[in-house]
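Student: what's the 3D shape of this:
(chains A, B, C and D)
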There are 2 protein chains.
Amino acid sequence: MSISPAAGRSATIHDVAARAGVAASTVSRALSNPGRVNFRTRERVEQAAAELNYIPSSQARALTSGRTVAVALLVPDITNPFYFDIIRGTQMQLKAAGYTQLLVDTEESAEVEAEAIEKLRKSADGVILTASRLTDDELSRAAATFPLVAINRGVRDVPSVVIDTPSGIGQALDHLVSLGHRRVAYISGPAGSWSNARRWQALQRHASDLGLDVVKIGNFPPKMTSGAAAADAAVNQAVTACVAFNDLIAIGMLQRLAERGIQVPDQMSIVGCDDIFGAEFCNPPLTTLTAPIEQAGRVAITMLLGRLNPTGGTAPRQLSTLPTHLTVRASTGPAPSRADPNADAPTDPASTGTAPTRSAP
Amino acid sequence: MSISPAAGRSATIHDVAARAGVAASTVSRALSNPGRVNFRTRERVEQAAAELNYIPSSQARALTSGRTVAVALLVPDITNPFYFDIIRGTQMQLKAAGYTQLLVDTEESAEVEAEAIEKLRKSADGVILTASRLTDDELSRAAATFPLVAINRGVRDVPSVVIDTPSGIGQALDHLVSLGHRRVAYISGPAGSWSNARRWQALQRHASDLGLDVVKIGNFPPKMTSGAAAADAAVNQAVTACVAFNDLIAIGMLQRLAERGIQVPDQMSIVGCDDIFGAEFCNPPLTTLTAPIEQAGRVAITMLLGRLNPTGGTAPRQLSTLPTHLTVRASTGPAPSRADPNADAPTDPASTGTAPTRSAP
DNA sequence: CACACGATTGCAACCGGTTGCCAAAAATTG
DNA sequence: CAATTTTTGGCAACCGGTTGCAATCGTGTG
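Tutor: Model (predicted):
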């Protein structure tokens, strides 16, 4: 080879320029703006680049063009398998578009989250927020000055994709009612969670439509370990079925109930939310609200990239709602007969007193 | 405020310089090299920076300093929960050190992997390779020119952290023997996998020490769906126990066996590998080789950062071996009596012919 | 044959920092 | 008090690209 880059260091645009016998600017144009240079010149440049194994520095490019070709994904807690599917979905879509994914754990903290967004402003072209802890106000302010898409958080003026669990909740309740349940508990997730609030709300509304008796139990961190306390509380409340904020808690409950010798679904039915990895093969397999989590990630990226690279014409959608559906597996079954609703639980003679307002068919 | 940055755009080092009444270079030094500027000057600069909410551009900094403060994690398939724990472990350690994680899916392809490494050379300070598909040669060549740590792949001159499954395999086999098993199958993972080869090797060695009869079944992709074929093959081979390449396959087998009405562990014992999320609550809970996966991720990052920021003195370790141990749960049990070893499987009268070389006590 | 215009390509400034080198200022020394 | 150090801070080059503007060249046109 006649001209080669300084030993060791990887080739720069100048090396390519020297080798092709043109100016650096021409190389830049030949590679990123073909048509702006002569056909034959471009060929020479391309060959030189290939020979030198030239890879443009995304850093340097970002400096002038302002585009980093990277998108950050903020999750509150990587530990939660729910986010795995989102990580996966976004990663796939990003890769397809040639973008890089920056993964950031915000530790369930609004402060860390806000700080991360500020930092990312320079090192990413946009951000996906999952289960944001920011206030509505902070959120819409951030969205006004930086490309941003929220997942599972609906706020005015913030593009978002939300998973329509509320409608799924209806299906879940119908299912439970059809199995004869009359008193169900909602196992509440974290206090600040938007999704949690929505689910509880939907559950209340549907329950009152159906004349169901509902109680809300706890606010629990969304972890498997919360399941134990939740399960205990549930049997103590003498409900025959529970709808849990998410599958993690639900699976934790399953474990605890098994430990206590309480049969699922014979003595207690459990419904989860999300249908995460594991819901299908836990014991018993979990009836749950299947959410298109991975798709949510993909859609979020599509929305984000849509506004990063506007293709004229149609403005990108502001809100995408993804449907859920109930997947019935083995953790739900007919309500136990009144005989001994909870052989194992602390006796509570009043428990059957809160009779359903609607009589059985 | 007297001097403020051009409306809208976020503050640059020059804005800070202007506001503090010093040169940009002074600001740079004040912030990154205190001690090089006067105490009072530094204070002024810091205050100006704070007032302007100045955040240095990592891009620009990377351009001159060469350090991007980012580390890439290459995984062959984000779909596999095994990597979730690695993602988590690396993410945690990186965050603690102020680094950013770049997540890349190499699609189980050596080519994509090599390409990614080349790209990353400029945009990351180092790379963690999990289950690399590269040849030993490519790998050590890459490691020679770029900070790199491999997980579960031992190659000369390539810093790596390997999980010592082979020794765990011994424990698993002992366990099976103590339960009376005499003929076990190894459910093989992907053909090219280094870990798979090691596991199979270790299994053979230990089996011959114990006088066990072993067969290798298939090469299966490391997915749950592989479990069905694996399970069928296993019952067909008239073994009473299986050690699977990983938990994913093992769980898939569990499902298939349940489907066919074959009792685990009464008719067939199953041992997994890795102890991924889900192994604990599948049905029955999986006996498996618990691997410190998350820790592996953390250790890998520690090694990598160790060589990125040499602290004089001790050269960083080249190889870190993490122990595993057998976690016995409910998927293993006493070998079925000879009566009807596989009521459900195609009859194979010769199956008991391959008697163990060592007689029972 | 002079002039104009489009296609190409080079020059140079700039993106936002970092850093070697030098000079002014302050402190130390004889 | 002059000479010598030591501090401190500015200048300018540079990292690896991008891009506005101008120069060059070829050719169509009047």
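Student: Show the contacting residues for residue A:289.
Tutor: Residue A:289 makes contact with A:165, A:168-169, A:171-172, A:271-275, A:324-327 under the criterion CB atoms under 8 Å, 6 or more residues apart in numbering or on different chains. C-beta coordinates here come from the backbone N, C-alpha and C atoms, glycine included.
Student: Just those residues: which are in strands?
Tutor: Mapping those onto strands (DSSP state E) picks out A:271, A:272, A:273, A:274, A:325, A:326, A:327.
Student: Not counting sequence-adjacent ones, nearest residue to the fifth one?
Tutor: With CB to CB, 6 or more residues apart in numbering or on different chains as the criterion, residue A:325 has its nearest non-adjacent residue at 5.6 Å, and that residue is residue A:290.
Student: about what we covered before: same list, the ones in strands among the contacts of residue A:289, but as JSON lines with neighbour count please.
Tutor: Listed next are the ones in strands among the contacts of residue A:289 as JSON lines, based on neighbours: other CB atoms under 10 Å in any protein chain shown:
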{"residue": "A:271", "neighbour count": "30"}
{"residue": "A:272", "neighbour count": "31"}
{"residue": "A:273", "neighbour count": "32"}
{"residue": "A:274", "neighbour count": "27"}
{"residue": "A:325", "neighbour count": "15"}
{"residue": "A:326", "neighbour count": "21"}
{"residue": "A:327", "neighbour count": "18"}
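Student: can you put the residues you listed in a markdown table and add pLDDT?
Tutor: Below are these laid out as a markdown table (pLDDT from 0 to 100):
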| residue | pLDDT |
| --- | --- |
| A:271 | 98 |
| A:272 | 98 |
| A:273 | 97 |
| A:274 | 97 |
| A:325 | 97 |
| A:326 | 98 |
| A:327 | 98 |
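Student: Which of those sits closest to residue B:106?
Tutor: residue A:274 (27.7 Å; CB to CB).
Student: The closest one and DNA strand C, how far apart?
Tutor: 40 Å (CB to the nearest atom of the strand, to the nearest Å).
Student: Let me see the ranges of the helices in the stretch 1-150 of chain A.
Tutor: A:13-20, A:24-32, A:39-52, A:58-65, A:81-96, A:110-123, A:136-145 (DSSP state H, counting those that start in this stretch).
Student: so how many other residues sit close to residue A:211?
Tutor: 12 (other CB atoms under 10 Å in any protein chain shown).
Student: Residue A:181 versus that one, what's the distance?
Tutor: 12 Å (CB to CB, to the nearest Å).
Student: Could you do residue A:156 as well?
Tutor: Applying CB to CB to residue A:156 and residue A:181 gives a distance of 37 Å.
Student: And for residue A:227?
Tutor: Counting by CB to CB, the gap from residue A:227 to residue A:181 is 20 Å.
Student: Repeat that for residue A:323.
Tutor: 24 Å.
Student: Those two: which has the busier surroundings?
Tutor: Taking other CB under 10 Å, residue A:323 and residue A:181 do not tie; residue A:181 has more neighbours (24 against 12).
Student: burial of whichever residue of the stretch 251-361 of chain A sits closest to DNA strand C, as a residue count?
Tutor: Going by CB to the nearest atom of the strand, DNA strand C is nearest to residue A:308 of the stretch 251-361 of chain A, at 18.2 Å. A count of neighbours around residue A:308, defined by other CB under 10 Å, yields 16.
Student: got it, and residue A:58?
Tutor: Residue A:58 has 21 nearby residues by other CB under 10 Å.
Student: before we move on, what about residue A:311?
Tutor: Counted with other CB under 10 Å, residue A:311 comes out at 7.
Student: One more: residue A:134?
Tutor: Neighbours around residue A:134, by other CB under 10 Å: 22.
Student: what does the one 3 residues further on give?
Tutor: When counting by other CB under 10 Å, one arrives at 9 neighbours for residue A:137.
Student: Give me the pLDDT for it.
Tutor: Here, the pLDDT recorded for residue A:137 equals 95.
Student: Could you see whether DNA strand C lies near the helix-or-strand element of chain A with minimal mean pLDDT?
Tutor: One helix or strand of chain A scores below all others by mean pLDDT, DSSP states H and E: helix A:58-65, with a mean of 90. Yes - judged by CB under 7 Å from any atom of the strand, helix A:58-65 and DNA strand C are in contact via A:60, A:63, A:64.
Student: Format those as a markdown table; extra columns: distance to residue B:319 and neighbour count.
Tutor: Shown next, in a markdown table, are the residues of helix A:58-65 next to DNA strand C (distance: CB to CB, whole Å; neighbours: other CB atoms under 10 Å in any protein chain shown):
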| residue | distance to residue B:319 | neighbour count |
| --- | --- | --- |
| A:60 | 36 | 16 |
| A:63 | 39 | 15 |
| A:64 | 43 | 9 |
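Student: can you narrow those to ones near DNA strand D?
Tutor: Okay, of the residues of helix A:58-65 next to DNA strand C touching DNA strand D (CB under 7 Å from any atom of the strand), that's A:60, A:63, A:64.
Student: Tell me who's in contact with the last one.
Tutor: Put plainly, it is residue A:64. For residue A:64, counting by CB under 8 Å, 6+ apart, there are no contacting residues.
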